[in-house]
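J.: what follows is a protein structure lacking sequence information:
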């Protein structure tokens, strides 16, 4: 399992609209992708324009190759891209350890 | 529930030592704190010196007040601080939505 972590900054004051858009974008587009295993949308406390989107993929290439080269990537960006104040920072992670 | 997200960069080449130190630090110190509910340690794929530590707290103040003002904070930093290439970026998040 691979975690995609997207660090997103949106334009000020558009949180309520973006809350709906990001959930819609993940549930209607990304969740249909091959290798998708789940997601979390996290909203910043200290930085209310910051969102951290976590997508869990079965393997890295389902995101970096299959998803990004599919029409679904453009569909996703069409839903959420207008809110972005800057291009999101996106990297991938493996889980070393967890509890709880 | 509140997510603490600590974005950590360590000195190059010390991953194996840090893997052990961060797990030890969380399990021996942070997990004993009041309001601690769980953790994940994530290791960077594109950036092998990057770690994202997620700590789940029952409420924000268990971390920002109780933990940071306790001797446990210094114990934690004594275990992991020497590996840091820069001060970690730490912010808190609420969960908007999840699946999977």
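T.: Cool, the structure landed. This structure is a prediction, so every number in the text was calculated from the model and none was measured. Numbers count the residues shown, from 1 in each chain, chains lettered A, B, ... in the order given.
J.: and the strands in chain A, which stretches?
T.: Secondary structure of chain A (DSSP state E): strands at A:2-9, A:36-44, A:50-57, A:89-99.
J.: now the angle from the last one to strand B:36-44?
T.: With axes from the mean of the first three to the mean of the last three CA atoms, to 10 degrees as the criterion, the two stretches strand A:89-99 and strand B:36-44 enclose an angle of 130 degrees.
J.: what's the burial count for the closest residue in space to residue A:10 that isn't next to it in sequence?
T.: The shortest distance from residue A:10 to any non-neighbouring residue, by CB to CB, 6 or more residues apart in numbering or on different chains, is to residue A:83 (4.4 Å). The C-beta positions use only the backbone N, C-alpha and C, and glycine is treated the same way. Other residues lying near residue A:83 total 18 when counted by other CB atoms under 10 Å in any protein chain shown.
J.: show me what counts as buried in the lengthiest helix in chain A.
T.: Counting residues, the longest helix in chain A under DSSP state H turns out to be helix A:15-28. Residues of helix A:15-28 classed as buried under the neighbour-count rule (16 or more other CB atoms under 10 Å in any protein chain shown) are A:15, A:18, A:19, A:21, A:22, A:23, A:25, A:26.
J.: now do stretch A:92-100
T.: Buried positions in stretch A:92-100, judged by neighbour count with 16+ other CB under 10 Å: A:92, A:93, A:96.
J.: for that stretch, give me every contacting residue.
T.: Contact partners of stretch A:92-100, identified using CB atoms under 8 Å, 6 or more residues apart in numbering or on different chains, comprise A:1-5, A:60, A:63-64, B:19, B:22-23, B:27, B:31, B:36-46, B:51-52, B:56.
J.: low-confidence ranges in chain A?
T.: A:100 (pLDDT under 70).
J.: of all the residues in it, which ones are close to chain B?
T.: A:2-3, A:5, A:19, A:22-23, A:27, A:31, A:36-47, A:50-52, A:56, A:60, A:91-100 (CB under 8 Å from any CB of the partner chain).
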